Structure formats: structure tokens, C-alpha cells
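> Sequence plus the predicted model coming up.
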Amino acid sequence: MANYIFEHKDKVRDYECDLQGIVNNANYQHYLEHCRHEFLHAHNISFAQLHEQGTDAVVARLTMQFKVPLTSGDEYVTKLNLKKDGVRYVFMQDIFRLSDMKICVRAQVDTVCLINGKLQESEQLDEIMKDYL
């Protein structure tokens, strides 16, 4: 993926690694989610405030391809792009190790909105993300 609309840099913490000395696979989901939340924050969207207003953006599907492992202390960047497919917001996300820019994970995260418990499009999120959709 060549076009990204947002990126977030971070560093691997010791406790995120398994006995093999590499990041446990489940932690990559945290990295991806944190990047999406930072993307929302960068656009003045509060995940908690959305919830208080009755809008819950939830993951409907997640696929990850593991390429090169991260290890303790590695700095990395998570990059994302976004498209809309029906009611789904589809985040294409890649994680790169900063030292050599090797791709570590390639992911697609499909999210949907539940508004007051019902699956539907969010006019509020559509308006905020219109420049990217």
C-alpha cells in the first residue's frame, strides 16, 4: 500500500514479547487499535464521547499477515488508510520497523457502527472522514 493518510510511531515494551523474544501476535492488534484511536484523536473525535452519544464503532472483521517480527525496544510506525464499503469503515494498516522500514504486519480491519444498539451508518463519522472516503 503506497498511500497512507495517517501514521503513529511507538516502541515495543519488554512485557509485550513472548519467550521467543518477539512481540506476541495478540499485541499487534493493540498497536493497530492504538493507531486508529490516535487517528480519531487527531481529528478531534473522542471514542468515549462517541459512546456517550450512543455511537459505538466496533471491529467486525480483522485479518493480519505477519511478515517480520518486532522485538523488545524496536521502534515502529503504524500507517493507515481508510475506505468505506457499505456500512463498513475499512482500515488498511501496515506496521513497519523503523530501523530498516521492513514491513512487520499487514492488516485489514473492518469496523461498523452500532447507533443506540442498531447497526447503521454514522452520519457523524461520515462527515468527519469525508475527505478520506
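Nice, thanks for sending it over.
> Hmm, Gln108 and Val59 touching each other?
No. Distance between Val59 and Gln108: 10.9 Å, which falls outside the contact criterion (C-beta atoms under 8 Å). No exception for glycine: its C-beta is placed from N, CA and C like everyone else's.
> Which other helices and strands does the longest helix along the chain contact?
The residue-count maximum for a helix in the chain (DSSP state H) belongs to helix 25-42. Contact partners of helix 25-42 among helices and strands, from 3 or more C-beta pairs under 8 Å, 6 or more residues apart in numbering; DSSP states H and E: strand 6-11, strand 55-66, strand 75-85, strand 88-97, strand 103-115.
> Need the three-state assignment for Asp100.
Using DSSP: H, G, I helix; E, B strand; the rest coil as the criterion, the local structure at Asp100 reads coil.
> tell me the pLDDT at it?
Listed pLDDT for Asp100 reads 98.
> Near it, how many other residues are there?
Counted by other C-beta atoms under 10 Å, the residues lying close to Asp100 total 7.
> how much space between it and Asn25?
When distance is defined by C-beta to C-beta, to the nearest Å, Asp100 is 21 Å away from Asn25.
> for Gly86, same thing?
29 Å.
> repeat for Ser46
Counting by C-beta to C-beta, the gap from Ser46 to Asn25 is 29 Å.
> next one: Pro69
9 Å.
> Of these two, which one has the most company?
Neighbour tally, Pro69 and Asn25, criterion other C-beta under 10 Å: the higher count belongs to Pro69, 19 against 12.
> Test my guess that the more buried one contacts Asn24.
No. In this structure, Pro69 is not within contact of Asn24 by C-beta under 8 Å, at 9.9 Å.
> pLDDT value on Met1, please?
In this model, Met1 carries a pLDDT of 57.
> In three-state terms, label the residue of the chain most remote from its centre for me.
What lies farthest from the middle of the chain is Leu19; by C-alpha atoms, centre = their mean that is 25.8 Å. Following three-state DSSP, the label given to Leu19 is coil.
> Quick check: bridge partners of the closest residue to Asp85 other than its chain neighbours?
Taking C-beta to C-beta, 6 or more residues apart in numbering, and ignoring the residues beside it in sequence, Asp85 has Asp110 as its nearest neighbour in space, at 7.8 Å. For Asp110, the beta-bridge assignment (DSSP bridges) gives partners Arg61, Val90.
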